[in-house]
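**Q** below are the sequence and a predicted model; questions follow.
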Amino acid sequence: MPSGVRIPPCPQNMLPKEKLQKLYKNGLSMIEISERTGWKYGKVVYWMRKFNIPRRTRSEATYIKRNPDGDPFKIKNRLNKDEISLKALGLGLYWGEGDKSIRNTAVRMSNTDPRLLKKFKEFLENICGVKKEKFGYYLTLFNDCDEKETIKFWEQHLGIKKEQLGKIIRIPPQGKGTYQKKSKFGVLNITVTNKKLKEKIFEMLNEL
């Protein structure tokens, strides 16, 4: 509490606990609560402590600011037979091919096989409840790949429009051999940036 601020705990000065909790839970900071309600900042701080309302970490506050309407996903728990198979397949694909870096907050998978990526996308949409607008797509091409032909290929197989693709990266061919057949249409990266979603997927992997 700021120095010099003293709020006597008498009934007429008491803030309604339910309202204070609701405003804070909805993502407002204590300063924003003060500005919205007209309550003095010191009074808000005092009653937050008095009611033992848990304070958010900086990371949690940032997450709420980025997702004001709540989590942009909803894990489905009651699954039918086909959904159980899809969940197992999606987790297996992520275990083998996905980005498992703890520091990176994105759920990310890159591959040259559109069938593999399509199934992983179905897992994120149907099992994890990720909304279509939350997906990001990034394409990496070798210098000898035809860009128009490659974009058309991914449009046909994953329903991706050119305007949905982020920056297209071109790199020199890597070595010799059969890479040209495997990477004729580049490497597509599917990304959903959400820390909580990645944590949930890790939890599901640990349950296997």
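**A** Happy to help now that I have it.
**Q** looking at this protein, which helix or strand is least sure?
**A** Ranking every helix and strand in the chain by mean pLDDT, DSSP states H and E puts helix 179-182 at the bottom, with a mean of 52.
**Q** please identify the helix or strand for the nearest residue in space to residue 116 that is not next to it in sequence.
**A** Distances taken as C-beta to C-beta, 6 or more residues apart in numbering put residue 93 closest to residue 116, at 6.3 Å, once the chain neighbours are dropped. Glycine gets a C-beta too; all of them are placed from N, C-alpha and C. Residue 93 is part of helix 81-97 when elements are defined by DSSP states H and E.
**Q** the strands in this protein, which residues?
**A** 106-111, 136-142, 169-171, 187-193 (DSSP state E).
**Q** of those strands, which is nearest residue 56?
**A** The closest of the strands of the chain to residue 56 is strand 187-193. By C-beta to C-beta, the value is 19.8 Å.
**Q** so what strands line up beside that closest one?
**A** Strand pairing for strand 187-193, using DSSP bridges, gives strand 106-111 (antiparallel), strand 136-142 (antiparallel).
**Q** what's the model's confidence in it, averaged?
**A** Model confidence over strand 187-193 averages 95 on the pLDDT scale.
**Q** ok, stretch 136-155 next?
**A** 89.
**Q** for stretch 22-38, how far is the first residue from the last?
**A** Start-to-end span of stretch 22-38 (C-alpha to C-alpha, to the nearest Å) is 16 Å.
**Q** please point out which parts of it sit buried.
**A** Neighbour-count burial for stretch 22-38, counted by 16 or more other C-beta atoms under 10 Å, picks out 23, 24, 27, 28, 30, 33, 34, 37.
**Q** quick check: domain ranges of this structure?
**A** Under the assignment named as automatic domain parsing, the residue ranges that make up the domains of the chain are 11-66, 81-206.
**Q** how much space between residue 146 and residue 158?
**A** Plainly put, residue 146 is 18 Å away from residue 158 if you go by C-beta to C-beta, to the nearest Å.
**Q** dump the strands paired with strand 187-193 to JSON lines, plus mean neighbour count and distance to residue 165.
**A** Compiled in JSON lines, the strands paired with strand 187-193 are given as follows (neighbours: other C-beta atoms under 10 Å; distance: least, C-beta to C-beta, whole Å):
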{"stretch": "strand 106-111", "mean neighbour count": "20", "distance to residue 165": "14"}
{"stretch": "strand 136-142", "mean neighbour count": "18", "distance to residue 165": "5"}
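**Q** export those as CSV, with columns for distance to residue 170.
**A** As requested, these are arranged in CSV below (distance: least, C-beta to C-beta, whole Å):
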stretch, distance to residue 170
strand 106-111, 15
strand 136-142, 5
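**Q** residue 64 is nearest to which of those?
**A** Closest of those to residue 64 is strand 106-111, at 18.3 Å (criterion: C-beta to C-beta).
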